[in-house]
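1. please find the sequence and the predicted model below.
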Number of protein chains: 2
Amino acid sequence: MAQLEAQLPALKRGADELLVEAELVERLKTGAPLRVKAGFDPTAPDLHLGHTVLLNKLRQFQTLGHHVLFLIGDFTGMIGDPTGKNATRPPLTREDIARNATTYSDQVFKILERDRTEVVFNSTWMDKMSAADMIKLAATHTVARMLERDDFSKRYRGNQPIAIHEFLYPLVQGYDSVALRADVELGGTDQKFNLLMGRELQKHFGQKPQVILTMPLLEGLDGVNKMSKSLGNYIGIDEPPHEIFGKLMSISDDLMWRYIELLSFEPLPTIRGWRQEVLEGRNPRDIKVGFAQEIVERFHGRAAAQAALADFEARFKAGGIPDDIPEKAVASVDGSVGIAQLLKEAGLTASTSEALRMIDQGGVKVDGAKVSDRSLKVALGEQVVVQVGKRKFARVSVT
Amino acid sequence: MAQLEAQLPALKRGADELLVEAELVERLKTGAPLRVKAGFDPTAPDLHLGHTVLLNKLRQFQTLGHHVLFLIGDFTGMIGDPTGKNATRPPLTREDIARNATTYSDQVFKILERDRTEVVFNSTWMDKMSAADMIKLAATHTVARMLERDDFSKRYRGNQPIAIHEFLYPLVQGYDSVALRADVELGGTDQKFNLLMGRELQKHFGQKPQVILTMPLLEGLDGVNKMSKSLGNYIGIDEPPHEIFGKLMSISDDLMWRYIELLSFEPLPTIRGWRQEVLEGRNPRDIKVGFAQEIVERFHGRAAAQAALADFEARFKAGGIPDDIPEKAVASVDGSVGIAQLLKEAGLTASTSEALRMIDQGGVKVDGAKVSDRSLKVALGEQVVVQVGKRKFARVSVT
């Protein structure tokens, strides 16, 4: 077990909020490994870098000797959306859950240590809970308290329906902490209310309340919205090495620092040193290359990271992409934009017919790869580096 | 099965609201016996006349050939008050419930027909319900809909806590109608919201929604508050014949008509005839005597009713109580008032010492019975006829 002096700053790195620090210190002082809980949705096993902010923090706990409870919320997953209004949330079967859990494991153990991770399913205890127990659980909190939750109060004030069972879900999530006797629970900043439920219910059931640690939500490649699959602004951890590398190289210099803070495992003093170097004139692209290699290496190994760098350099650097190329935004039509339209609107060709001619002649590249398909579309939220001929470049965001 | 033309007016008599009349007519037309549900609290098996308003209506359904589902809400009774804030609602054991049910049966079958009554316990289906089923049930209604209930909206606006499980209880009560496939549900006017839940949940579960019939709440002996054991303004159906008789004779003439409407089984035209006779000068006391006899006979038989009348006449009429005696109100101290204080404040003696002297001399009667105990107290909410000497009378309410 690492020394307390070393543990606390490491655990607080990048965190949004730690409640209550004194309680965490007290628990760390005992020297016993802490039981660190984090809950995951059983419906979306396709992890992207946004998810890894939390996973990285769990990994830090493990590195310091603690025990991770990787909770899959299959109980509510198997209920689905009981109002039937949300067609995208059908009830999952046990087989769905098992399949998703396997996919999860394959991915998360690229970050978490297998030996210090316990994958748990809340159906284990919730399936045994009776309606009477649920009623008793509901009696522990008031309607007014529940309406304090941001999204509930907004919807209530806006006369948007809140189904009563939605008040029960935070209680279920909180009860999971009781069942697991969690010492610490991690979640995104949007989970704070639910994490506090865990504290309150643990007190109700005579346990010491868990410490809660919230992590910020990572912005997507657009630097604006949170990273999400549905917005298309994500980097999946199972994407091929050169995709991850290329996408990371495409982010703005500002966003790069944010990503480094939340995703890099480099020590904070090292990162402060880089910032200083850039202030003194070093090209931020050098930092970005190093960071992109770190991330590719994490998910695909060292050899793949080196190959991705070589590939990137061959395609871009050797191809003569200038350091500073103009940034453009092109509006999507129905969620994407055709390549010819994009070239015209970004000012790289005078017309769509010129654009199509250039494609046919092999003179158009997207992210360094020659385009041969006239009907290629670029999706909403994506950012691509486009090249026409030898000298015309633009970094185009589809908005 | 009685004819529709006879059934509808009989069923509507005294009722506050019938929803939806056309649906009731439609169901009656089928000629099949209806399943008529009414729910009872398993904690208060000591029935008073207030409870019998509803029981009488159930009896009318039975007389017309229908089937009564006498539901004892033991599921929630065994949960008690899960917030632990209400010490008067401890969780009941199965033994408590069984004992209370027996006491209930002994009492209700003085009104209901045994052969057309099915005593049912909602634990039968609710004990089998899982937390997941409870969540699905909760998903059928919104928070806003639940806050429409009178007491909830008042408490919410008044910043008084509403525990979340309180939102689940109306759903449980409504689900009982689903489990019982009720055709009709009866309840007090204060139950309308919960009866409507039954309709809504039956629709949700693909059943024809039950017809609901609400009955007014009977005022207590004070004519102001609803009859309730805790207010002391009640007539228990297990009280001795002369107690029931005396208490009924003590009510005001106005309240008498209300009681007759809701408690008498005499046909409506007969009652209209009495009103006419009183308008034309008949002493309402005669009507009251007949009504009091009807009620005593219902619970204790004809002989007891005749004996109670004879006893009453011997004590009051023969004792020369005038038809019109003054009505007084005396304020209680800590929930009751001593007899000497009461006599003085009602103006029957000049002082408490005179009152005590009159008691010692055997010159004071309460409800026709001589008082020998100087420390007798009359409880808050009670109304008594007090006599001092031969000529001084008052009907005194303790307020």
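-> Ah, there it is. The model shown is predicted, which means the values in this text are computed figures rather than measured ones. Numbers count the residues shown, from 1 in each chain, chains lettered A, B, ... in the order given.
2. near chain B, which residues of the stretch 1-150 of chain A? Just list them.
-> With CB under 8 Å from any CB of the partner chain as the criterion, the stretch 1-150 of chain A meets chain B at residues A:75-76, A:78-79, A:82-83, A:126-127, A:129-136, A:138-144, A:146-147. To be clear about C-beta, it is placed using only N, CA and C from the backbone, and glycine gets the same treatment.
3. just the buried members of these?
-> With burial judged by 16 or more other CB atoms under 10 Å in any protein chain shown, the buried subset of those is A:75-76, A:78-79, A:82-83, A:126, A:129-136, A:138-143, A:146-147.
4. any idea of the pLDDT on residue A:41?
-> Note on residue A:41: pLDDT of 83.
5. tell me how many other residues surround it.
-> If you count neighbours by other CB atoms under 10 Å in any protein chain shown, residue A:41 ends up with 14.
6. which residues touch it?
-> Residue A:41 makes contacts with A:73, A:77, as judged by CB atoms under 8 Å, 6 or more residues apart in numbering or on different chains.
7. and with 10 Å instead?
-> Residues in contact with residue A:41 (CB atoms under 10 Å, 6 or more residues apart in numbering or on different chains) are A:51, A:72, A:73, A:74, A:76, A:77, A:100, A:104.
8. could you do residue A:98 as well?
-> For residue A:98, the contacting residues are A:42, A:74, A:92, A:121, by CB under 10 Å, 6+ apart.
9. just the buried positions in the helix or strand harbouring it, please.
-> Under the criterion of DSSP states H and E, residue A:98 resides in helix A:94-108. Within helix A:94-108, the residues that count as buried by 16+ other CB under 10 Å are A:96, A:97, A:100, A:101, A:104, A:105, A:107, A:108.
10. ok, so of those residues, who is nearest residue A:328?
-> The closest of the buried residues of helix A:94-108 to residue A:328 turns out to be residue A:107 (CB to CB; 34.1 Å).
11. wouldn't that closest one be in contact with residue A:239 here?
-> No. Using CB atoms under 10 Å, residue A:107 is not in contact with residue A:239, being 11.6 Å away.
12. pLDDT averaged over the host helix or strand of residue A:53 - what is it?
-> In this assignment (DSSP H and E), residue A:53 forms part of helix A:49-63. Mean pLDDT, helix A:49-63: 93.
13. send the alpha carbons of that helix over as CSV?
-> Extracted C-alpha coordinates of helix A:49-63, given in CSV (Å, rounded to 0.1, in the frame of the first residue of the first chain):
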residue,chain,number,x,y,z
LEU,A,49,-12.0,7.5,-24.4
GLY,A,50,-14.7,9.4,-22.5
HIS,A,51,-15.5,6.3,-20.4
THR,A,52,-11.8,5.8,-19.7
VAL,A,53,-11.5,9.0,-17.6
LEU,A,54,-13.4,7.1,-14.9
LEU,A,55,-11.6,3.8,-15.6
ASN,A,56,-8.2,5.5,-15.4
LYS,A,57,-9.2,6.8,-11.9
LEU,A,58,-10.2,3.3,-10.9
ARG,A,59,-6.9,2.0,-12.2
GLN,A,60,-5.1,4.6,-10.0
PHE,A,61,-6.9,3.2,-7.0
GLN,A,62,-5.7,-0.3,-8.0
THR,A,63,-2.1,0.9,-8.5
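14. how distant is it from the center of its chain?
-> 10 Å (CA atoms, centre = their mean, to the nearest Å).
15. for the next helix or strand after that helix, name the packing helices and strands.
-> Using DSSP H and E, the helix or strand that follows helix A:49-63 in sequence is strand A:67-72. Using 3 or more CB pairs under 10 Å, 6 or more residues apart in numbering or on different chains; DSSP states H and E, the elements in contact with strand A:67-72 are strand A:35-40, helix A:49-63, helix A:94-108, strand A:117-121, helix A:165-180, strand A:184-188.
16. contacting residues around residue A:340?
-> For residue A:340, counting by CB under 10 Å, 6+ apart, the contacting residues are A:349, A:351-359, A:364, A:374-376.
17. can I assume it sits in a helix?
-> Yes. Using DSSP: H, G, I helix; E, B strand; the rest coil, the secondary structure at residue A:340 is a helix.
18. let me know the pLDDT of it.
-> Note on residue A:340: pLDDT of 91.
19. look up how far residue B:46 lies from it.
-> Residue A:340 sits 86 Å away from residue B:46, going by CB to CB, to the nearest Å.
20. also residue A:390?
-> In this view, residue A:390 and residue B:46 are 98 Å apart by CB to CB.
21. so between these two, which is more surrounded?
-> residue B:46 (14 against 9).
22. where along the stretch 201-350 of chain A do the helices fall?
-> Along the stretch 201-350 of chain A, counting by DSSP state H, counting those that start in this stretch, helices occupy A:241-250, A:253-263, A:268-279, A:284-300, A:302-312, A:339-345.
23. export those helices to a markdown table and tack on distance to residue A:170?
-> Output for the helices of the stretch 201-350 of chain A, formatted as a markdown table (distance: least, CB to CB, whole Å):
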| stretch | distance to residue A:170 |
| --- | --- |
| helix A:241-250 | 35 |
| helix A:253-263 | 26 |
| helix A:268-279 | 34 |
| helix A:284-300 | 33 |
| helix A:302-312 | 41 |
| helix A:339-345 | 44 |
